[in-house]
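A.B. asks: can't give you the sequence, but here's the structure:
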Ligand code: FAD
Ligand code: NAD
């Protein structure tokens, strides 16, 4: 250790990096974590998961009051939007949670090196003018917004914005155009639609939410349309110009054809994210990136260079906070000589719209490519709790191997799908069959009973449909 400053130096304090640093310190390793942001927590806590959920949660209440959902339950209210107060509770949530990570760093004796790190060698980095040597370096630099050529983001002007800008709009746009019908477009589009904006979503593909189960994508599209979001599928945005306080977008059919224009008060560019490696001077460490700009690792999160590890959005796989966190824990444990494993086949994903959309494992289409499957589906309209709560939209779908009955994938649309998917992930992690889920006693009345009924439907015997 003598000429090393640290056993572990983590670059990036997002959910991958800060969790890796805390775990490494818990395991007795001398640990530092470099990040140049004002506050810890990375994209997730500062400008991602947390502030978006703060706005989603608050706008959900507003919408329930405005769209008659509360009136259905005998509560007559006319909501009045106090947008500054809504933003204040978002800022407060971020402040509290990022300060919490700072507290955890102090508690676990993780040094926060304030600044952006660049490699100076394969075991050394420079942060804020100082060089540090570490036995192990974990790259956890995350990702940032993929730019769209011809559509220049300027968050300060609040006309063409990315997700960070869309979280902070000072007023509700008259017309918001969302470019990309993925997770960010639908979550943040939902926030502003609920608060009164007309929202148009332009998606390049023939359906929203690529990567999800086809039934889920189709039903989600129907539900969002019913809520008032307008979709322009199979359409690409080829440019945008700001004219006064508005943006004029040029759209073309994805397959080519006549262009049309669309005027918007706010345009949200949400066409994906790309790994952050610029500024790391990877070449000084002898590292390269793959064709998608990601750092490749083996199953243990080792890069091609001994002593350098990588986790989270900067490596291949879904760009999700919980994936990054689990990789952070496993990576730190591997560095400490333990066996850290992440099962990448069982990473749940959730879209926090109303209703929520969640899935884990294979889609029906992917499962069918691998072999014969049995599928059980149960509508939320048949679930007593969802029905009582006036939440009839959605379903649970379970895909099982036709021969072994082992569960290969679970998909759901339900008000609390994000919570329901946890039991599916746990069951899959334990190698459950659909019968195991069907014969597990589920509390009544809960939305989760729909998971049990979908499992019963795999062999054709649900009760409530
Ligand atoms: P990040 O969180 O991106 O953190 C990387 C950190 O590294 C940053 O703080 C950055 O400043 C720092 N950094 C970069 N380069 C350097 C350098 N050279 N030196 C030092 N530090 C550096 N995921 C979910 O699972 N659930 C959600 O609900 C969800 N909602 C989201 C909403 C939005 C609007 C966005 C944008 C993302 C959302 N995500 C969500 C995705 C989630 O935020 C990411 O998957 C997650 O943050 C990735 O974690 P990470 O640790 O790999 O990287
Ligand atoms: P995404 O990959 O989810 O969706 C981008 C969408 O844009 C796709 O549907 C794609 O077909 C479309 N697209 C691409 N180019 C286009 C173009 N030129 N014109 C029109 N459409 C185009 O990306 P995102 O929504 O920006 O989110 C980025 C990442 O952040 C995702 O990987 C996601 O995992 C993560 N995230 C997760 C959550 C969550 O877990 N709830 C929330 C927000 C973000």
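C.D. replies: Structure received. Every value quoted in this text rests on a predicted model; they were computed, and no experiment measured them. Ligands and ions are numbered 1, 2, ... in the order given.
A.B. asks: going forward, measure contacts and count neighbours with C-alpha atoms only.
C.D. replies: Will do.
A.B. asks: Do me a favour and average the pLDDT over the helix or strand where residue 186 lies.
C.D. replies: Here residue 186 sits within helix 183-194, counting by DSSP states H and E. The average of the pLDDT scores along helix 183-194 is 98.
A.B. asks: just checking, what packs against it?
C.D. replies: Counting contacts by 3 or more CA pairs under 8 Å, 6 or more residues apart in numbering; DSSP states H and E, helix 183-194 is packed against helix 49-66, helix 163-167, strand 175-179, strand 198-202.
A.B. asks: so which of these is the most packed in?
C.D. replies: When the helices and strands packed on helix 183-194 are scored by mean count of other CA atoms under 10 Å, the highest mean neighbour count falls to strand 175-179 (a mean of 25).
A.B. asks: Just checking: what are the partner strands of that strand?
C.D. replies: Counting by DSSP bridges, the strands paired with strand 175-179 are strand 198-202 (parallel), strand 266-269 (parallel).
A.B. asks: Any residue of the very next helix or strand once past the shortest one touching ligand 2?
C.D. replies: Same thing as strand 266-269. The helix or strand immediately downstream of strand 266-269 is strand 273-275, counting by DSSP H and E. Yes. Legend: contact between strand 273-275 and ligand 2 by CA under 6 Å from any ligand atom is shown at residue 273.
A.B. asks: Could you give me the buried positions within strand 273-275?
C.D. replies: By neighbour count on 16 or more other CA atoms under 10 Å, the buried set for strand 273-275 is 274, 275.
A.B. asks: close to ligand 1, is it?
C.D. replies: No. Applying CA under 6 Å from any ligand atom, one finds strand 273-275 out of contact with ligand 1, separated by at least 7.8 Å.
A.B. asks: Could you give me the buried positions within whatever helix or strand comes next after that strand?
C.D. replies: Sequence order places helix 282-285 as the next helix or strand after strand 273-275, per DSSP H and E. Neighbour-count burial for helix 282-285, counted by 16+ other CA under 10 Å, picks out 282, 285.
A.B. asks: can you check stretch 296-311 too?
C.D. replies: Buried residues in stretch 296-311, counting neighbours by 16+ other CA under 10 Å, are found at 296, 297, 300, 301, 302, 303, 307, 308, 309, 310, 311.
A.B. asks: Local confidence estimate at the residue nearest to the last one when sequence neighbours are not counted?
C.D. replies: Same thing as residue 311. Distance criterion CA to CA, 6 or more residues apart in numbering; nearest residue to residue 311, sequence neighbours excluded, is residue 140 at 5.4 Å. Residue 140 carries a pLDDT score of 99 in this model.
A.B. asks: what sits against residue 140?
C.D. replies: 10, 11, 12, 13, 14, 16, 17, 310, 311, 312, 313, 314 (CA atoms under 8 Å, 6 or more residues apart in numbering).
A.B. asks: Intersect these with the contacts of ligand 1.
C.D. replies: Residues of the contacts of residue 140 in contact with ligand 1 (CA under 6 Å from any ligand atom): 11, 12, 13, 14, 16, 17, 312, 313.
A.B. asks: wait, doesn't the second one sit right on residue 39?
C.D. replies: Right, residue 12. No. Judged on CA atoms under 8 Å, residue 12 makes no contact with residue 39 at a distance of 11.4 Å.
A.B. asks: okay, the two: which has more neighbours?
C.D. replies: Shown here are residue 12 and residue 39; by other CA atoms under 10 Å, residue 12 has more neighbours (28 against 18).
A.B. asks: give the contact list for the more buried one.
C.D. replies: 18, 33, 34, 35, 42, 139, 140, 141, 142.
A.B. asks: Where does the stretch 351-465 of the chain get nearest to ligand 2, residue-wise?
C.D. replies: The stretch 351-465 of the chain approaches ligand 2 most closely through residue 351 (4.3 Å), counting by CA to the nearest ligand atom.
A.B. asks: what's around that residue, how many residues?
C.D. replies: Around residue 351 there are 19 residues (other CA under 10 Å).
A.B. asks: returning to what we had before: the strands paired with strand 175-179: which one's closest to ligand 2?
C.D. replies: Relative to ligand 2, the nearest member of the strands paired with strand 175-179 by CA to the nearest ligand atom is strand 198-202, separated by 5.4 Å.
A.B. asks: hmm, whatever helix or strand comes next after that closest one touching ligand 2?
C.D. replies: The helix or strand immediately downstream of strand 198-202 is helix 214-227, counting by DSSP H and E. No. Under the criterion of CA under 6 Å from any ligand atom, ligand 2 is not reached by helix 214-227; the shortest gap measures 10.7 Å.
A.B. asks: List the buried residues of helix 214-227.
C.D. replies: Using 16+ other CA under 10 Å as the test for burial, helix 214-227 gives 214, 215, 216, 217, 220, 221, 223, 224.
A.B. asks: quick one: the fifth one from residue 279, how far?
C.D. replies: Pointing back at residue 220 there. Residue 220 is 39 Å from residue 279, where distance means CA to CA, to the nearest Å.
A.B. asks: what residues does this structure put near ligand 1?
C.D. replies: Contacts of the chain with ligand 1, taken as CA under 6 Å from any ligand atom, map to 11-17, 34-37, 42-44, 48-49, 52, 116-118, 140-143, 163, 184, 276, 279-280, 312-313, 319-322, 324.
A.B. asks: just checking: which of the residues you listed also lie near ligand 2?
C.D. replies: Taking CA under 6 Å from any ligand atom, the overlap between the residues of the chain next to ligand 1 and the neighbourhood of ligand 2 is 184, 319, 320.
A.B. asks: Would you format those as a markdown table with neighbour count and distance to residue 457 included?
C.D. replies: Formatted as a markdown table, these follow (neighbours: other CA atoms under 10 Å; distance: CA to CA, whole Å):
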| residue | neighbour count | distance to residue 457 |
| --- | --- | --- |
| 184 | 25 | 33 |
| 319 | 19 | 32 |
| 320 | 18 | 31 |
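A.B. asks: hang on, residue 204 packs against residue 238?
C.D. replies: No. Under the criterion of CA under 8 Å, residue 204 is not in contact with residue 238, lying 10.9 Å apart.
A.B. asks: ok, those two, which is more surrounded?
C.D. replies: residue 204 (21 against 16).
A.B. asks: can you pull the contacts of that one?
C.D. replies: Residue 204 sits next to 180, 233, 234, 235, 236, 254 when contact means CA under 8 Å, 6+ apart.
A.B. asks: number of nearby residues for the fourth one?
C.D. replies: Right, residue 235. Residue 235: 22 neighbours (other CA under 10 Å).
A.B. asks: where along the stretch 351-465 of the chain do the strands fall?
C.D. replies: Secondary structure of the stretch 351-465 of the chain, counting by DSSP state E, counting those that start in this stretch: strands at 356-361, 373-379, 395-401, 407-414.
A.B. asks: SS state for residue 113?
C.D. replies: Under DSSP: H, G, I helix; E, B strand; the rest coil, the three-state class of residue 113 is strand.
A.B. asks: Check it and give its pLDDT.
C.D. replies: At residue 113, pLDDT is 98.
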